[in-house]
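*Asks:* my questions concern the predicted model and sequence given below.
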Amino acid sequence: MSDTRRNQRHTVPTGRPFLLGEFRTKLAAIETGVRGLYQEAHPAELESVADETYLLFHTARSLAPVRTYTGCERHPNGAVDPEAPLGWTRCLLCNEARRRGTATADIPAVARTNGLGYPVPEGPYTLDLLKDYLRRTSELSYELSLRSPDAAFAELADAVHRTFIVARELSRPRNTSGCDRHPGAPTDPTADGACLFCAADRRRLRNQREGVPVMIDRPRTGRLQPRRTVRPPGPGPV
């Protein structure tokens, strides 16, 4: 065998053929269930869709490469920022560049993500948005092959996570806050019954603009004193 043909060989990761087939089977079942829903569907009708989409996300995450704990492509194993603002990566180096205003073009823009680095779509969450994300997931799924690069599987995992977030929010019980972004959020009694999540976001942004310091709980240091054992009084000497 020539060196050229030897270098063109591709090793398929173990388990990828089975996981990709399982993913497409689950995706087809979810698409069938969502196709039968209507705009004013009750949240209980979307509970099974949210559960199945969550399992689909687990399969997509197994197909994709492991996420780094900083969520940063430039510094995957760098220092973690313990005070990373909402939507930023947990990379301390990139976040310091953003704070100083010296971020270069190769530093990714701020995007709303969860703690694991997967994207979280903005509301309002509607059935049409769910169908759009599900359609995009289906397109990405059937463009894949066993020889697709890891970046393509990472993009698929991001698309499934967006679909799951929308399905989860739509499956939450409706409340009296009237919030389109968070249909199942509790109300904030200190903000005239507004959405608790939106009120917290507004309060956090206002504090950042006004420079209000954030109190961070520090772990207790020092040597802990041993607990004293109190024995019940016993009988006196005989």
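*Replies:* The structure has been received and is ready for your questions.
*Asks:* and residue 51, that one's in a helix?
*Replies:* Yes: using DSSP: H, G, I helix; E, B strand; the rest coil, the assignment for residue 51 is a helix.
*Asks:* what residue ranges in this structure score low on pLDDT?
*Replies:* Scanning the chain with the threshold set as pLDDT under 70 gives 1-12, 69, 71, 86-87, 102-117, 175-177, 184, 214-238.
*Asks:* all helices for it, in order.
*Replies:* For the chain, the helices defined by DSSP state H cover 3-7, 16-35, 47-63, 92-100, 127-143, 150-171, 196-210.
*Asks:* out of the ones you listed, which one sits most buried?
*Replies:* helix 150-171 (a mean of 22; mean count of other Cβ atoms under 10 Å). Backbone N, C-alpha and C define where each C-beta goes, glycine included.
*Asks:* list of residues touching that one?
*Replies:* With contacts defined as Cβ atoms under 8 Å, 6 or more residues apart in numbering, helix 150-171 is touched by 43-44, 46-47, 49-50, 53-54, 56-57, 60-61, 63-65, 114, 118-121, 123, 125-127, 129-130, 133-134, 136-137, 140-141, 143-144, 182-184.
*Asks:* any idea of the angle that helix forms with helix 47-63?
*Replies:* Counting by axes from the mean of the first three to the mean of the last three Cα atoms, to 10 degrees, helix 150-171 lies at 160 degrees to helix 47-63.
*Asks:* still on that earlier bit, distance to residue 82 added to the helices of the chain, as TSV?
*Replies:* Shown next, in TSV, are the helices of the chain (distance: least, Cβ to Cβ, whole Å):
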stretch	distance to residue 82
helix 3-7	44
helix 16-35	34
helix 47-63	25
helix 92-100	8
helix 127-143	32
helix 150-171	24
helix 196-210	16
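*Asks:* of all those helices, which one comes closest to residue 178?
*Replies:* helix 196-210 (10.6 Å; Cβ to Cβ).
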